[in-house]
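[1] Sharing a sequence plus its predicted fold:
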Amino acid sequence: MRPLHAAWYLIGSTSVVVALVSTCANVEAPPGSGPDFTPPAVLERYPAPGAVVPDLDDDASIRFDEPIQAPRNLERGLDLSPAWEWKFNPSTRGFSVKPREGWRPGVVYHVRVPRGVSDLLRNVTPSSIEWTFSTGPEISRTRIDGTIYDRIQGAGVRDARILFLSPDSIPYSVVSDTGGVFSMLSLPPGEYLVLGFLDQNRNRRLDRGMETYDSAVVSLPDSISRHALNLWMIPPDSTPPVLVGVVAFDTITVILEFDEPLEPEASFDSVRVSVTPVPGGAELPVAGLRVGQSGTPGTVPAVRTVPGGAPPDPVRDDEMDVRPDSLEVPVGVEVADSIRGVADSVGVPGDSIPAADSLAADLQESGELDWPGRPDLGNAEARERPYPFLIVTLEQALTEDSFRVSVAGVSNLRGLTGGGDTTFVYVAPLPALAPADAEQDPSGAPAAGEDSTGVLRGQQIPASPRPQPDDES
């Protein structure tokens, strides 16, 4: 072969190879097939939903019908019950899980995969995938539905953990959705201590000294029991409320400010407030007390509030009919003692745990294993909004003088009582000025009758900005 011809041969061969490589780099759908808009579908779950496997040894697993994106990232959003330590093993089409201490006999397990599982073309699953299986007891038809709220803000809390502790301390668990709504299915019949909290350190346990929480006791007397429950999380607190300031709003209204929100639903029977002239004089009688703040409603409706405008998880049309029941939930003496023991072991005073609220229901009705939707919890009673202000209404008008204010017996949200005392000076406001006298000086000096802050002389100026109460005079 001549050199020139050989050169052309090599160039042509290289061009063919480059063309083949370029063609192989373009991933296209097979001829005649349309674009893929279908999200991954579940091909297999093990154990099967509703299965009872007493001798379970293999991992629980889920497999999709196509490869999924970043399967390792699914571990962060998994909701696994009981709330033990789990081993997670990803694969191209799914994952498998197993408790680090192994499967325990006589336990109901629940796996929930959040919506948003994506295939390689970014088609995502529109709803969560979950299933329940057991290593001993039959799968019951019990159900507890509820909403967990921030007690101060009155809004539903997303990603809050709710633990259901039985007397044998198995920590059955579920996590709230975007609106604070949760549903716990298939708990074995019995009495449960319920703990709802923000798991800030993700250790699946309540750290009472640092995490907001609420607690209750509910009863599931049989395998078809239903309950609805609202939880109101309160920040941890070990100190009583302390008086930090006083403002005289008008001649008969005095606002006491504390260093933390007060419990507006607590009784004022044991609260003692005295307003006395200094250095001496008769104590002014008190006509009324209330926790509040001007310009805001006095109560918080217990409805599902969705932060950021995101819709809560959809509610099915066949919502379960729940009838309200009494505040009392029957709990046997021996079981109640066991629950209190569990409560004390996790740092919650057992005697302070309330029973399920007025929405607690026991629906004696069977149904299919594909559970009916959660009850509508939007009709819960409104809760009084907590504020750090105690508004005191006097029977007798204030005069220009110094006054000593003393308060005791006010409760914070954790039921701790406190108070304090301080002194304030009341100066009556000047009468209204004529328009000609109230004109502003061109140099920028305040008008007659005002000080440098633009407030009429005689008004009490708080040390820090505070909202003003409704005028009750």
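    Arrived safely, thanks for sending. Numbers count the residues shown, from 1 in each chain.

[2] so residue 178 touches residue 160, yeah?
    No. Counting by Cβ atoms under 8 Å, residue 160 is not a contact partner of residue 178; they are 11.2 Å apart. No exception for glycine: its C-beta is placed from N, CA and C like everyone else's.

[3] how's the protein carved up into domains?
    Under the assignment automatic domain parsing, the domains of the chain span 42-134, 143-236+306-313+322-367, 238-296+385-473.

[4] By mean pLDDT, show me the worst of these.
    Sorting those by mean pLDDT places domain 143-236+306-313+322-367 lowest, at a mean of 73.

[5] Show me the strands in the stretch 151-300 of the chain, by range?
    Assigned by DSSP state E, counting those that start in this stretch, the stretch 151-300 of the chain shows strands spanning 161-165, 171-175, 181-185, 190-197, 213-220, 226-233, 243-248, 253-258, 272-278, 286-291, 299-302.

[6] Reformat those as CSV; add mean neighbour count and distance to residue 413.
    As requested, the strands of the stretch 151-300 of the chain are exported to CSV (neighbours: other Cβ atoms under 10 Å; distance: least, Cβ to Cβ, whole Å):
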stretch, mean neighbour count, distance to residue 413
strand 161-165, 24, 19
strand 171-175, 22, 24
strand 181-185, 21, 22
strand 190-197, 25, 15
strand 213-220, 23, 10
strand 226-233, 24, 9
strand 243-248, 20, 17
strand 253-258, 22, 12
strand 272-278, 17, 20
strand 286-291, 16, 11
strand 299-302, 18, 13
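
[7] Nearest to residue 408 among those strands would be which one?
    Nearest to residue 408, of all the strands of the stretch 151-300 of the chain, is strand 272-278, at 4.8 Å by Cβ to Cβ.

[8] Okay, angle between that closest one and strand 243-248 too, please.
    60 degrees (axes from the mean of the first three to the mean of the last three Cα atoms, to 10 degrees).

[9] Show me what strand 272-278 is packed against.
    Using 3 or more Cβ pairs under 8 Å, 6 or more residues apart in numbering; DSSP states H and E, the elements in contact with strand 272-278 are strand 286-291, strand 389-394, strand 401-411.

[10] 6 Å instead, please
    Packing partners of strand 272-278 (3 or more Cβ pairs under 6 Å, 6 or more residues apart in numbering; DSSP states H and E): strand 401-411.

[11] After the strand it packs on, heading C-terminal, what element do we hit next?
    Counting by DSSP states H and E, the next helix or strand C-terminal to strand 401-411 is strand 417-426.

[12] quick one: buried residues of that following strand?
    418-420, 424, 426 (16 or more other Cβ atoms under 10 Å).

[13] before we move on, what about stretch 262-272?
    For stretch 262-272, by 16+ other Cβ under 10 Å, it's 262-264, 266, 268, 271.

[14] Same question for stretch 137-150.
    Residues of stretch 137-150 classed as buried by neighbour count (16+ other Cβ under 10 Å): 137, 139-150.

[15] Of these, just say which sits nearest to residue 203.
    Each of those was scored against residue 203 by Cβ to Cβ, and residue 148 proved nearest at 18.5 Å.

[16] then stretch 79-97 to PDB, C-alphas only?
    Provided in PDB are the C-alpha atoms of stretch 79-97 (Å, rounded to 0.1, in the frame of the first residue of the first chain):
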ATOM      1  CA  ASP A  79     -40.500   6.800  58.300                       C
ATOM      2  CA  LEU A  80     -39.900   3.500  60.100                       C
ATOM      3  CA  SER A  81     -41.800   2.100  63.100                       C
ATOM      4  CA  PRO A  82     -40.800   1.200  65.800                       C
ATOM      5  CA  ALA A  83     -38.400   4.000  66.200                       C
ATOM      6  CA  TRP A  84     -35.300   1.900  66.700                       C
ATOM      7  CA  GLU A  85     -31.900   2.100  64.900                       C
ATOM      8  CA  TRP A  86     -32.200   0.700  61.400                       C
ATOM      9  CA  LYS A  87     -29.700  -0.500  58.800                       C
ATOM     10  CA  PHE A  88     -30.400   0.800  55.300                       C
ATOM     11  CA  ASN A  89     -29.100  -0.800  52.100                       C
ATOM     12  CA  PRO A  90     -29.800   1.000  48.800                       C
ATOM     13  CA  SER A  91     -29.900  -0.700  45.400                       C
ATOM     14  CA  THR A  92     -30.500   0.600  41.800                       C
ATOM     15  CA  ARG A  93     -34.200  -0.200  42.000                       C
ATOM     16  CA  GLY A  94     -35.000   0.300  45.600                       C
ATOM     17  CA  PHE A  95     -33.700  -0.500  49.100                       C
ATOM     18  CA  SER A  96     -33.900  -2.900  52.000                       C
ATOM     19  CA  VAL A  97     -34.000  -2.200  55.800                       C
END
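
[17] All further residue positions should be reported with the first residue as 750.
    Let's use 750 as the start, then, which means that last one is stretch 828-846.

[18] What are the buried residues along that stretch?
    Quick answer for stretch 828-846 (16+ other Cβ under 10 Å): 828-833, 835, 837, 842-846.

[19] from those, which ones fall inside strands?
    828-830, 835, 837, 843-846 (DSSP state E).

[20] how about JSON lines for the residues you listed, with distance to residue 1040 added?
    Shown next, in JSON lines, are these (distance: Cβ to Cβ, whole Å):
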{"residue": "828", "distance to residue 1040": "37"}
{"residue": "829", "distance to residue 1040": "41"}
{"residue": "830", "distance to residue 1040": "38"}
{"residue": "835", "distance to residue 1040": "44"}
{"residue": "837", "distance to residue 1040": "47"}
{"residue": "843", "distance to residue 1040": "53"}
{"residue": "844", "distance to residue 1040": "50"}
{"residue": "845", "distance to residue 1040": "53"}
{"residue": "846", "distance to residue 1040": "47"}
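
[21] For the stretch 750-899 of the chain, just list every one of the helices.
    Along the stretch 750-899 of the chain, the segments classed as helices by DSSP state H, counting those that start in this stretch run 752-774, 823-826.
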